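> okay, sequence plus prediction incoming.
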Amino acid sequence: MLITPGKLLAQIDSPEDLRKLDISLLPQVCNELRQFIIDNVSVYGGHFGASLGVVELSVALHYVFNTPDDQLVWDVGHQAYGHKILTGRRDTFHSNRTYGGLSGFPKRKESIYDAFGVGHSSTSISSALGMAVASALEKNLDRQHIAIIGDGAMTAGLAFEGMNHAGATDSNLLIILNDNCMAIDPNVGALKEYLTDITTSQTYNKFRDEVWNLLGKMSNFGKSAQEIVSKVEAVMKTAILRQSNLFESLGLRYFGPIDGNDISHLTEVLHDLKSIPGPKLLHCLTIKGKGYGPAEKDQTKWHAPGVFDKITGEIKKKSYTSPQAPKYQDVFGHTIVELAKKNPKIVGITPAMPSGSSLNIMMEAIPERAFDVGIAEQHAVTFSAGMATRGDVVFCNIYSTFMQRAYDQVIHDVCIQELPVIFCLDRAGLVGADGPTHHGLYDIAFMRCIPNMVVASPMNEQELRNMMFTAQLQSFQSGKHAITIRYPRGSGVMPQWETDFEEVKIGTGRKVLEGNDLAILSLGPGGNFAQKACEELRLQGISVGLYDMRFAKPLDEALLHEIFKRFDRIVTLEDGCLQGGFGSAVIEFMSDNGYNSNVKRLGVSDIVIEHGEPNELYQECGIDTAGIVRSVNEMLGAGVRSKRFVY
Ligand SMILES: Cc1ncc(C[n+]2csc(CCOP(=O)(O)OP(=O)(O)O)c2C)c(N)n1
Ligand SMILES: CC(=O)[C@@H](O)[C@H](O)COP(=O)(O)O
Ligand SMILES: [Mg+2]
């Protein structure tokens, strides 16, 4: 359903059209764009508050800079809905985050205006610097390169790596720090305090405005005059801010803070900055959720609210949750509190995803032992390792996809040192609308190959609880293994999930269904699809044994010997990549032990899986119930019936 834009927005099919408008019309463009985002996200869902907060920045950037030749890199990209709507995707925006539709993040394949593909945070400075240096090498000194990075994304080490390099160059790079004091949850850390200090320093801001006016007047007097003014400005900034400006210390010219929601001032400042050479940073203050009351009031809830009634602000139930069963993240959140109340050594750590991982439940209940370290996955892992050396029982909760950023830390700081850190990887498997930058498909493969790492995946909420319980037991903690417990986004299958804890013997699987014709070995929640498939196959007269293997490492070798001796046709199933995943582990076992069964591996093949609803993606990969039934039928050859029934 197309949602009609306002009369100015309807005429803007590209930034060229925007730049034809008189500057006095920009406030109306912003109003129309903001309303268009509200109208669409309320109906189709997606990220919300961040895009509302940068409506003015989106309009001003495309108005002042000569996009697409001038390069805009949006950090994370969840705030780029305005950018997409202004760059020719207004009429297809209703397809945002749907199967075959627009991506929810900037994507090079999608538009020439999307200079860099994003989704994971803190990549904008490095990539924009790369573009700037490349432009200089081709002697293009006019092209502008702009990274728009939030205060949350600025907390990641990669951002500092980019600034460290940029400050030592004369690159034509503009970093726009979009400071709204929020990540998904309130932003944390010393940087946030520093930015608040700059923003609230009245003396500095008064001085800065005077210098700014002087700079503006002097601009007609040529470069040398400007240089004098900027030297005076730098000395005064240092004097007034009691310590040198962090960004200036890194060799970046710092400007601001300015009101990033004031389209007129913003346009004027950006225009001035165009003529200032070298790496610079503009500090913009914005309001996340600007222009929509509920989103300004509860910025975390409205980061990605899902579908809502734009009049009443009532949020509809999210599609990935079931009214009966809880979300896996909440099972994690409540279970870690339950365990931590009995085990005083338990601590919880999240890199900037308190509400996404539900560690916020522990942050509320036991704040002294629950830590949000900011968008800093590498730090989160090594910080966990440090705590583990002191005997703490560390639950480090990181989305599977974001764990990719801290892979060396898992090897170097945890496993080589034989530290029993408990990695809870939420959002493992196909996540759905966030698409390829967020699917958690590689963790089985990349964790399985590390020595001293156990890899587990529960089939349901009870199994998750038991794995968490087992990992914090002294019997595990006194060993030399870390453990990865991976589970998916969304709900499980057990309305009555608050079950008593039972220790899980590491490396053991369990038989779920008896069968004779073929065995399915599943890892993780896909076992529930497999269970339904077995029921369907039984109706076709096919008797399939189902085994929930629970661990990709160590494998349950005793059970595998029993299965390989009994079945000559075996299907493995995982919600992860086939290359090096659980199925590969089973094939390795078969080869190492001289078996020669016919094994079909079901999982995600060696391609990038785009975005869509989870069921669409499972179907595409053939790992939904129908896909499993189809594979079993193909394997057995049509028409095969069981030799005998075993109920
Ligand atoms: C490496 C990585 N870790 C975590 C996330 C999840 N994430 C998405 S947006 C966000 C908060 C970003 O805060 P900020 O950069 O300030 O942007 P804002 O939403 O405030 O506009 C987080 C933590 C991510 N996308 N990438
Ligand atoms: C943009 C980003 O990386 C986060 O907002 C992410 O989309 C959250 O994912 P969940 O919705 O699965 O918590
Ligand atoms: Mg922010």
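Structure received. Ligands and ions are numbered 1, 2, ... in the order given.

> near ligand 2, which residues of the stretch 301-450 of the chain?
Listed as neighbours of ligand 2 in the stretch 301-450 of the chain under the rule CB under 6 Å from any ligand atom: 304, 356, 427, 431, 434. For glycine as for every other residue, the C-beta is placed from the backbone atoms N, C-alpha and C.

> now whichever residue of the chain sits closest to ligand 3: phi and psi?
Each residue of the chain has a distance to ligand 3, by CB to the ion, and the smallest belongs to residue 150, at 3.7 Å. Note on residue 150: backbone dihedrals following degrees, to the nearest 10 are phi -80, psi 170.

> renumber starting at 41 from here on
That works, and once the first residue is 41, the last one we named lands at residue 190.

> residues near it, how many?
For residue 190, the tally of surrounding residues (other CB atoms under 10 Å) stands at 31.

> ligand 2 contacts on the stretch 91-240 of the chain?
Selection of the stretch 91-240 of the chain residues close to ligand 2 by CB under 6 Å from any ligand atom yields 116, 118, 224.

> does the last one touch residue 341 like I think?
No: Residue 224 sits out of contact with residue 341 when judged by CB atoms under 8 Å, with a separation of 10.0 Å.

> the two: which has the busier surroundings?
For residue 224 versus residue 341, the count of surrounding residues by other CB under 10 Å is larger for residue 224: 22 against 16.

> tell me which element that one is part of?
Assigned by DSSP states H and E, residue 224 belongs to no helix or strand.

> list the contacts for it?
With CB atoms under 8 Å, 6 or more residues apart in numbering as the criterion, the residues that contact residue 224 are 192, 340, 343, 392-393, 395-396.

> again, but for residue 158
The neighbourhood of residue 158, defined by CB under 8 Å, 6+ apart, consists of 113-117, 120, 145-146, 164, 477.

> also within reach of ligand 1: list those from those.
residue 116.

> residues from the chain in reach of ligand 1?
Selection of the chain residues close to ligand 1 by CB under 6 Å from any ligand atom yields 90, 93, 116, 118-119, 160-161, 190-193, 218, 220, 222-224, 328, 392, 415, 417, 442, 445.

> circling back to that earlier point, who does the residue of the chain closest to ligand 3 bridge with?
Listed by DSSP bridges, the beta-bridge partners for residue 190 are residue 218.

> pretty sure it is touching residue 218, no?
Yes: using CB under 8 Å, residue 190 is in contact with residue 218, at 4.9 Å.

> sorry, back to before: the residues of the chain next to ligand 1 in strands, which ones?
Secondary structure of these is defined by DSSP state E; positions in strands are 190, 218.

> now restrict the residues of the chain next to ligand 1 to buried residues only.
When neighbours are counted using 16 or more other CB atoms under 10 Å, these contain these buried positions: 90, 93, 116, 118-119, 160-161, 190-193, 218, 220, 222-224, 328, 392, 415, 417, 442, 445.

> returning to what we had before: as CSV, the contacts of residue 158 with distance to residue 290 would be great.
Converted to CSV, the contacts of residue 158 look like this (distance: CB to CB, whole Å):
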residue, distance to residue 290
113, 19
114, 22
115, 17
116, 22
117, 24
120, 26
145, 27
146, 26
164, 16
477, 28
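
> could I get the contacts of residue 158 as JSON lines with pLDDT?
As requested, these are arranged in JSON lines below (pLDDT from 0 to 100):
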{"residue": "113", "pLDDT": "99"}
{"residue": "114", "pLDDT": "98"}
{"residue": "115", "pLDDT": "98"}
{"residue": "116", "pLDDT": "98"}
{"residue": "117", "pLDDT": "98"}
{"residue": "120", "pLDDT": "98"}
{"residue": "145", "pLDDT": "98"}
{"residue": "146", "pLDDT": "98"}
{"residue": "164", "pLDDT": "99"}
{"residue": "477", "pLDDT": "98"}
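
> in helices only, show me the buried ones among the residues of the chain next to ligand 1.
Secondary structure assignment (DSSP state H) places 90, 93, 417, 442 from these within helices.

> pLDDT weak spots in the stretch 341-490 of the chain?
358-362 (pLDDT under 70).

> in it, which spans are helices?
For the stretch 341-490 of the chain, the helices defined by DSSP state H, counting those that start in this stretch occupy 368-382, 394-397, 400-405, 417-429, 440-443, 447-449, 483-488.

> mind putting these into CSV with distance to residue 209?
As requested, the helices of the stretch 341-490 of the chain are arranged in CSV below (distance: least, CB to CB, whole Å):
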stretch, distance to residue 209
helix 368-382, 42
helix 394-397, 36
helix 400-405, 40
helix 417-429, 24
helix 440-443, 29
helix 447-449, 26
helix 483-488, 34
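
> okay, those in JSON lines with distance to ligand 3 next?
Rendered in JSON lines, the data for the helices of the stretch 341-490 of the chain read as follows (distance: least, CB to the ion, whole Å):
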{"stretch": "helix 368-382", "distance to ligand 3": "22"}
{"stretch": "helix 394-397", "distance to ligand 3": "14"}
{"stretch": "helix 400-405", "distance to ligand 3": "17"}
{"stretch": "helix 417-429", "distance to ligand 3": "17"}
{"stretch": "helix 440-443", "distance to ligand 3": "17"}
{"stretch": "helix 447-449", "distance to ligand 3": "25"}
{"stretch": "helix 483-488", "distance to ligand 3": "27"}
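
> now for these, which one comes closest to residue 197?
Judged by CB to CB, the one of these that comes nearest to residue 197 is helix 417-429, at 5.9 Å.

> for stretch 496-507, measure first residue to last.
The stretch stretch 496-507 measures 8 Å between its terminal residues, going by CA to CA, to the nearest Å.
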